[in-house]
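>>> I would like to see how this sequence folds:
(chains A and B)
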There are 2 protein chains.
Amino acid sequence: MLNKLKDILIGPPLPTHQLGEKKLNKIRALAAFSPDALSSIAYANQEIYLGLVVAGSVGLGLAWPIGLAIVGVLTLVAISYNQTIHAYPSGGGSYIVARSNLGTVPGLIAAGALLIDYVLTAAVSLTAGMDALASAFPVLWPYRMTLALFVLVLITLANLRGLKETGTLMSIPVYLFLITYLPMLVYGLIRLVIDGPSAPMNAPPATEGLTTFLILHTFATGCTALTGIEAISNGVPAFKSPESKNAGQTLIVMAVLMTILFAGSIGLTQFLGIVSSPHETILSALARHLLGSGPIYFLIQTSTMLILAVAANTSFADFPRVAAILAKDSFLPRQFTGLGDRLVFANGILMLAAATSILIIGFQGDMHSLIPLFAVGAFLAFTLSQSGLVMHWWRERGPNWRLKMAANSVGALATGVTLLVVGFTKFMEGAWITILLIPALVVLFSRIRAHYREVGRGLTLHGLPPSLKPAPTPRVVIPISGVHRGIVEAVDFALAITRDVTAVYVELEPGEAEAVQKNWKLWWPDIPLVVVPSPYRSIIQPLIDFLDETDAKHNDGQLATVILPEFIPAKWWQSLLHNQTAWLLKAAMLYRRRERGFQRVIIDIPYHLRK
Amino acid sequence: MLNKLKDILIGPPLPTHQLGEKKLNKIRALAAFSPDALSSIAYANQEIYLGLVVAGSVGLGLAWPIGLAIVGVLTLVAISYNQTIHAYPSGGGSYIVARSNLGTVPGLIAAGALLIDYVLTAAVSLTAGMDALASAFPVLWPYRMTLALFVLVLITLANLRGLKETGTLMSIPVYLFLITYLPMLVYGLIRLVIDGPSAPMNAPPATEGLTTFLILHTFATGCTALTGIEAISNGVPAFKSPESKNAGQTLIVMAVLMTILFAGSIGLTQFLGIVSSPHETILSALARHLLGSGPIYFLIQTSTMLILAVAANTSFADFPRVAAILAKDSFLPRQFTGLGDRLVFANGILMLAAATSILIIGFQGDMHSLIPLFAVGAFLAFTLSQSGLVMHWWRERGPNWRLKMAANSVGALATGVTLLVVGFTKFMEGAWITILLIPALVVLFSRIRAHYREVGRGLTLHGLPPSLKPAPTPRVVIPISGVHRGIVEAVDFALAITRDVTAVYVELEPGEAEAVQKNWKLWWPDIPLVVVPSPYRSIIQPLIDFLDETDAKHNDGQLATVILPEFIPAKWWQSLLHNQTAWLLKAAMLYRRRERGFQRVIIDIPYHLRK
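Got it, this is the predicted structure:
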């Protein structure tokens, strides 16, 4: 039944040979790799607005200059990543670049930062998407968390089925977003030129002064606009030939679009004096101001929500891929490398879905309180990746290496400084969680690899002499609970594999054993039955003591094999009606083995009741 | 470590021969059997007060007549149970009396009612005790639930240690209660005679009219005063010889004390015009009115709390005993018959503690809302037990049988009518829970016995021909995950028990198997290794298919034995780092066996990593 449900939700298994990837042209590649980057404006603008509005209309007057500063960083980072594309045509994820150029620990730091960042991309995109939707339909505002979780479940199921992020379906929201937003921005610009700029009306009174900290803090939250910019450099091999060239051009187009969308919307917001109510995003307020509350406005909000959902979906392609790479390098459990029934890294998808839902529930679906955790991981990965490239050029010294190194140095410096600003200004608000988690993950990665190495050493056959002499036939002990139908198979099996069989009966109440002895003699006169008294009414301890004694007495270098006749009722609930002696004995022996390094073979012989 | 904690909390195991019971004289017996009955006034009075106060001072004027009616029922029930003592000198619990005279189903109904009643006695006594305590120390009022659970844990631990309800320690609260309450009532009577009766001052205004339903409802809740009166008749064998005579005399003394305490306190409450505030019990208000808020008042409240705790404790002696009797008759899981380490029915104690804590938490420690569930079980058991005795006298026809039968008939009628009143007036408030639970329990009891009978039939050796021909040596299949140290023991064991060994390797990625084949040939050239391709990357299904095929091919009437090399890491968390193939395979085979009635022997050969 569970299997049927799985088939309906996820689909039947696919054979391995169907694995393979199609190459993407630039139009499709832009749709595949840009949703996260383009949709960032939804939360970045919102955070800049929320950061400045506490300082009233004076504060809001700073949106444009802060936006320009962020565009500056964006330009530097884009140039840097353009270099990465040409240096790592096989895909230059931060983990690979940092590990190969800076060493294992920086590589693991970048990997930890990346994984956290993917989880946050999913959580922030989903909650921001629900904010956009609930701005248009205020009745949904109280249910944003539930809706975000619902969309998360849909995306998880779609990815478990094996939805490709390169599919046509996924590119529709991206281009819908572009063909609705870009004309809106142009229209806004025309309005601005005709009407002239206006100061924000109805701006709430300032509750805080306009301090340097407030400005830096707003800059830091606004830098979330850059998240996702690295996606193309990770996916160079997916482009049509010439891969690097096409990827580079796509990156430039994407960066230009990001700049237009971000700078355009933030400029219009400031110069048209847009202010939003508590239950509306600033982008929604801008769209409503320009377009009224008609169908075009609803289309804008819907396309925002859709591109954010697609952005969340990109995490579902990236997180499992990075987890699989880490697992292949023994830094994560092997299970993350396994392709599931549908040729996707199912464990990585499930892990991401679990982590994302924890974040969404833990922060009650509130995008604004998730943001402080967000940018830290992204900028740490940026900085390590750019620094890694600086080392790369330094070592390689190809043509123009000085220029390339300089470009990446500027990128590393810009992202590094931004990282410090983000870490400091948002530490108390939540960045500390990410800052603590990353080293914790690095320790976890290292311990996992240490374990696998230890296992590898323990499992080697190297140096083990081939066992030439045949193994001795086992000495078998059968604990019985009485002479009944349930032990017949066990005794038969014991007689089939050895001649050295002893049955043992634990006597709980004095005198009980006599009848058992008599009955036993009747059925198996040739097999000795030992009765062990149990003054404390325990079954397990006397059995274990008996096994120890019999091993000591025989002193033949082997441990007695235990054959357990196990009674298995027809229905699971009936197990509650029986003493789980077999189970308890196995648990006790496992515990002892761990303690003493013993290895006693236990053979379960089930006896199934029909009804 | 867990064992050490258990030793500290519960004590070391006791040997079986220490079991045995001391006989009780009448003074000790009264203390042992009466706490539940005597302490009932604490909640019965409270409920009568709460039932009448909604009708204002007019309502409160009915406390005394209602109290007298309840005393009437009490007298009839006491006379009835005095007969039970003489008819069943070996202990006449409701289950035994009802089952032997009325049949199995009435017996099981009585048993279900009894078990529910014991749980409710524990829950109501504990919560009423905390009400008494919190009346004296109002700061504790919000923490009554937590305190009740804390005392429950203490009582549970004490009973798991093997506290006897007959100990001196337990009799102190009973006599403390008597020597504080009886003088207080005498003093109150003197005050009443001197000062004359007074109408209730400060009685809250009536919110409901004084309807017949309200009066019947109050009578029904007040009847909880009778709970516990049956205790002596269950425990006749514990008395010193002549058992029946001593038990009968003790019952009469107990009934007289119950009457004095109940009628005395309810009379004083009415005629002194006592009214209590919402966070105080009516008994506390009476004591405070008579004694002020000095040390004697605190002593009264403490002794009330203590006797209620002891009353809860009596459930911990009775519930496990009844559960053990039912389990011996196959109506409950066998585990309830087992004496634990400390010679107590530990499973019954734990079950009672769990059920009581669920009630206390479910009703948030509020005694008043538990009461409607309470009396139903008690009066159902009373009625069945008395009806059983009517049958008993009718069948036996000893001396004076007509008189005895008449007495029990009156008892059965009185308790039966009360049961109807209780069931009807409190149905919606919670009695329905008990009324639904009792038949559910009866069904459960019957299904459990049906299962045990089925098992008994399935396990009989009767008619099974002795297997004269020796069992064939097993055909062994070893699934391997590679050629490594972890499979050496498994192969050795296989070679020790049979010559027919096949290894099988599931190839997840095409081409993988070549190296494994080569390595295998090097180590075990004489054992065939079969490679099974797995196009869908599943390990379990190809293995199961292979086993089915190999069985079909051999067609020798036996199923291949599977030897599973199981890798066991040193620490539990390390299991997360390995594919649990052995476990999954066992689960899959168990599932299939259940489906098809298969019985394939699976032998685990663990390989333990040292570190």
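
>>> CA atoms for contacts and neighbours, from now on please.
Will do.

>>> residue A:605 belongs to a helix?
No. With DSSP: H, G, I helix; E, B strand; the rest coil as the criterion, residue A:605 is assigned strand and is not in a helix.

>>> what stretches of the stretch 401-550 of chain A score poorly on pLDDT?
Residue ranges of the stretch 401-550 of chain A with pLDDT under 70: A:466-470.

>>> quick one: pLDDT of residue A:163?
For residue A:163, the pLDDT comes out at 64.

>>> near chain B, which residues of the stretch 251-400 of chain A?
When proximity is defined as CA under 8 Å from any CA of the partner chain, the stretch 251-400 of chain A approaches chain B at A:332-335, A:339-341.

>>> for the residue of the stretch 251-400 of chain A found nearest chain B, give me its contacts.
Scanning the stretch 251-400 of chain A for the residue nearest chain B gives residue A:333, at 4.6 Å (criterion: CA to the nearest CA). By CA atoms under 8 Å, 6 or more residues apart in numbering or on different chains, the contact set of residue A:333 is A:327, A:448, B:576-578.

>>> go with 7 Å
Residues in contact with residue A:333, defined by CA atoms under 7 Å, 6 or more residues apart in numbering or on different chains, are A:327, B:577-578.

>>> and which of the residues you listed is nearest to residue B:280?
Nearest to residue B:280 out of the contacts of residue A:333 is residue B:577 (CA to CA; 58.7 Å).

>>> which strand or helix spans the residue nearest the centre of chain A?
Central residue of chain A (CA atoms, centre = their mean): residue A:352, 2.9 Å from the mean position. For residue A:352, the host element (DSSP states H and E) is helix A:346-362.

>>> please name the nearest non-neighbouring residue to residue A:485.
residue B:459 (4.4 Å; CA to CA, 6 or more residues apart in numbering or on different chains).

>>> next, count neighbours for the one you found.
18 (other CA atoms under 10 Å in any protein chain shown).

>>> do the same with residue A:247
Using other CA under 10 Å, the number of residues around residue A:247 comes to 28.

>>> touching, it and residue A:235? I think so.
No. Counting by CA atoms under 7 Å, residue A:235 is not a contact partner of residue A:247; they are 8.4 Å apart.

>>> and the end-to-end length of stretch A:193-210?
29 Å (CA to CA, to the nearest Å).

>>> try stretch A:158-172
Using CA to CA, the two ends of stretch A:158-172 sit 16 Å apart.

>>> in what helix or strand does residue A:302 lie?
helix A:295-328.

>>> returning to that earlier point: so what's the residue nearest to the centre of chain A up against?
Counted by CA under 7 Å, 6+ apart, residue A:352 has contacts A:119, A:319.

>>> just residue A:155 next, same as before
Here residue A:155 is in contact with residue A:313 (criterion: CA under 7 Å, 6+ apart).

>>> what's the answer for residue A:507, then?
Going by CA under 7 Å, 6+ apart, residue A:507 touches A:513, A:531-534.

>>> make CSV from these and add neighbour count, distance to chain B and secondary structure to it.
As requested, the contacts of residue A:507 are arranged in CSV below (neighbours: other CA atoms under 10 Å in any protein chain shown; distance: CA to the nearest CA, whole Å; DSSP: H, G, I helix; E, B strand; the rest coil):
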residue, neighbour count, distance to chain B, secondary structure
A:513, 19, 16, helix
A:531, 17, 17, strand
A:532, 17, 15, strand
A:533, 20, 11, strand
A:534, 19, 9, coil
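
>>> closest one of these to residue A:296?
Residue A:296 lies nearest to residue A:534 out of those, by CA to CA, at 83.1 Å.

>>> skipping adjacent residues, who's closest to that closest one in space?
In space, residue A:534 is closest to residue A:508, 5.3 Å off (CA to CA, 6+ apart).

>>> okay, buried residues for the helix holding residue A:302 please.
Judged by neighbour count using 16 or more other CA atoms under 10 Å in any protein chain shown, the buried positions of helix A:295-328 are A:297-298, A:300-328.

>>> ditto for stretch A:122-142
Buried-residue list, stretch A:122-142, by 16+ other CA under 10 Å: A:122-136, A:140-141.

>>> residue A:478: what secondary structure?
Residue A:478 is classified as strand under three-state DSSP.

>>> so which bits of chain A are right by chain B?
A:13-16, A:333-335, A:341, A:458-461, A:471-473, A:484-486, A:492-493, A:495-498, A:535-536, A:570, A:577-579, A:599, A:601-606, A:609 (CA under 7 Å from any CA of the partner chain).

>>> those in strands, which ones?
The strands, defined by DSSP state E, take in A:602-606 from these.

>>> just the closest of the residues you listed to chain B, please.
residue A:603 (4.9 Å).

>>> can you count the residues close to that closest one?
Neighbours of residue A:603 under the rule other CA under 10 Å: 24.

>>> shouldn't it be in contact with residue A:565?
No. Residue A:603 is beyond contact range of residue A:565, at 8.5 Å (criterion: CA under 7 Å).

>>> low pLDDT regions in the stretch 101-250 of chain A?
Counting by pLDDT under 70, the stretch 101-250 of chain A contains low-confidence residues at A:163-167.

>>> could you rerun that using 80?
A:162-170, A:199-203 (pLDDT under 80).

>>> now do the helices in it.
For the stretch 101-250 of chain A, the helices defined by DSSP state H, counting those that start in this stretch occupy A:104-136, A:144-161, A:168-195, A:212-222, A:231-234, A:243-271.

>>> tell me the most buried of those?
helix A:104-136 (a mean of 27; mean count of other CA atoms under 10 Å in any protein chain shown).

>>> which elements pack onto that one?
If contacts are counted by 3 or more CA pairs under 7 Å, 6 or more residues apart in numbering or on different chains; DSSP states H and E, helix A:104-136 sits against helix A:94-102, helix A:144-161, helix A:295-328, helix A:346-362, helix A:367-396, helix A:432-459.

>>> let's see 6 Å
Judged by 3 or more CA pairs under 6 Å, 6 or more residues apart in numbering or on different chains; DSSP states H and E, helix A:104-136 is in contact with helix A:94-102, helix A:144-161, helix A:295-328, helix A:367-396, helix A:432-459.

>>> helix A:168-195 and the longest one, what's the angle between them?
With axes from the mean of the first three to the mean of the last three CA atoms, to 10 degrees as the basis, helix A:295-328 and helix A:168-195 are set at 130 degrees to each other.

>>> Throw the helices of the stretch 101-250 of chain A into a markdown table and include distance to residue A:405, thanks.
Formatted as a markdown table, these follow (distance: least, CA to CA, whole Å):
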| stretch | distance to residue A:405 |
| --- | --- |
| helix A:104-136 | 19 |
| helix A:144-161 | 39 |
| helix A:168-195 | 34 |
| helix A:212-222 | 26 |
| helix A:231-234 | 17 |
| helix A:243-271 | 17 |
